[in-house]
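>>> quick one, structure for this:
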Amino acid sequence: MATHMMKHYYTHFVLAASLLFSAAGCVGEIGNGSSADNTKPPVAPAVEVSNEPYAGVPAALQNTVPLEKPCPDLFKVKFETTAGDFELEVHRGWAPVGADRFYKLVKAGFYDDCKFFRVVPGFVVQFGINGNPNVSAIWRNATIKDDAVKESNKRGYITFATSGPNSRTTQLFINLEDNPRLDGMGFAPFGDVTKGMDVVDKIYSRYGERPDQGRIQSQGNRYLNAAFPELDGITKVTVISELGEPVAEAAPSEEPAEATPQPAESSEGN
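Purely as a prediction, here's the structure:
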């Protein structure tokens, strides 16, 4: 269709109301061998934060303060999804600040029940907006500082999405092909898929970029389940080893707590 053949443009700034992109800063298309797919860099749009209470949110997910001590230098994570299971290995040395944030989010259970809302064959699988809008509201402005790009965005490498400099929060993408052009835009991988890349490849992709990120933020999985029922999603994410040693994962607390959202701070990646 004609709309899928249009060139897409990259900008560091996202218009929250419409999620449209400026034509400034043009980048070339990356096709999948058959058509010119939507290949604009993965972004996490800026969205207005509400002042509603965070009822029903577990205490672990209300705490956005960075880790008191760095995450392990090497750890593995298992993703259980509706498409099957896959595993990631995280190297803190690749992107310390991003690795610390990912570790904290996994331990808190943030990615459990998240949907793969943007899947562009030959480019990326993007996810990381929580299915509960109250959780999304807490983390929306909990930004972390950028890491230097030490590794290229190769096939199977995982990276945080951004909406500009020092804007990473919770959204992630896995590269489906080598995407070296993203390196120069500041997208710093912090880990890679070590098992089950065939599962990542078969994550449902027919909705493409149709899910609206603003509505996901405000309505969560209620919107996605109604409008895009075939989307694959994450059942559970678990840290399965640290520094080569197996670990027993404790389930996040199910007890909601009344707490004021913590100020957004950034770990320094010691």
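
>>> how about low-confidence regions in the stretch 51-200 of the chain?
Under the criterion of pLDDT under 70, the regions of the stretch 51-200 of the chain flagged as low confidence span 51-53.

>>> show me where it has its helices.
Taking DSSP state H, counting those that start in this stretch, the helices of the stretch 51-200 of the chain run over residues 59-62, 96-108, 133-139, 197-201.

>>> element containing Ile240, please.
strand 234-242 (DSSP states H and E).

>>> packing partners of that strand?
The contact analysis (3 or more C-beta pairs under 8 Å, 6 or more residues apart in numbering; DSSP states H and E) places strand 234-242 against strand 74-81, helix 96-108. For every residue, glycine as well, the C-beta is placed using N, CA and C.

>>> gap between Arg181 and Phe123?
11 Å (C-beta to C-beta, to the nearest Å).

>>> over to Val135?
27 Å.

>>> swap in Glu230?
19 Å.

>>> also Gly208?
Gly208 is 10 Å from Phe123, by C-beta to C-beta.

>>> same drill for the two, tell me which one is more crowded.
Phe123 (25 against 13; other C-beta atoms under 10 Å).

>>> tell me the phi and psi of that one?
Dihedral angles phi and psi of Phe123 (degrees, to the nearest 10) take the values phi -140, psi -80.

>>> name the residues of the host helix or strand of Gly214 that are buried.
Using DSSP H and E, Gly214 sits within helix 213-219. For helix 213-219, burial by neighbour count (16 or more other C-beta atoms under 10 Å) applies to 213-214, 216-219.

>>> count of residues packed around Tyr207?
17.

>>> surely it meets Pro229?
No. In this structure Tyr207 lies outside contact range of Pro229 using C-beta atoms under 8 Å: 9.9 Å.

>>> who are the contact partners of Phe102?
71, 90, 160, 172, 190-191 (C-beta atoms under 8 Å, 6 or more residues apart in numbering).

>>> rewinding a little: redo the helices of the stretch 51-200 of the chain as a markdown table? Include distance to Met185.
Below are the helices of the stretch 51-200 of the chain laid out as a markdown table (distance: least, C-beta to C-beta, whole Å):
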| stretch | distance to Met185 |
| --- | --- |
| helix 59-62 | 29 |
| helix 96-108 | 15 |
| helix 133-139 | 23 |
| helix 197-201 | 22 |
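
>>> quick one, which of those is nearest to Ala83?
Nearest of those to Ala83, taken as C-beta to C-beta: helix 197-201 at 5.4 Å.

>>> outside of the closest one, which residues touch it?
So helix 197-201 is contacted by 81, 83-86, 125, 155-156, 174, 176, 193 (C-beta under 8 Å, 6+ apart).

>>> let's see 6 Å
83-84, 86, 156, 174 (C-beta atoms under 6 Å, 6 or more residues apart in numbering).

>>> before we move on, back to that, and the helices and strands packed on strand 234-242, which is most packed in?
Mean neighbours per residue, mean count of other C-beta atoms under 10 Å, is largest over the helices and strands packed on strand 234-242 for helix 96-108, with a mean of 23.

>>> name the element Asn225 belongs to?
Per DSSP H and E: helix 221-227 holds Asn225.

>>> buried residues, that helix. List them.
221, 223-224.

>>> what's the average pLDDT for it?
The average pLDDT for helix 221-227 rounds to 98.

>>> from the middle of its chain, how far away would that helix be?
Chain-centre distance of helix 221-227: 18 Å, with C-alpha atoms, centre = their mean, to the nearest Å.

>>> Pro246: which of the helices of the stretch 51-200 of the chain is closest?
Smallest distance to Pro246 across the helices of the stretch 51-200 of the chain (C-beta to C-beta): 15.7 Å, for helix 96-108.

>>> what angle do that closest one and strand 234-242 make?
120 degrees (axes from the mean of the first three to the mean of the last three C-alpha atoms, to 10 degrees).
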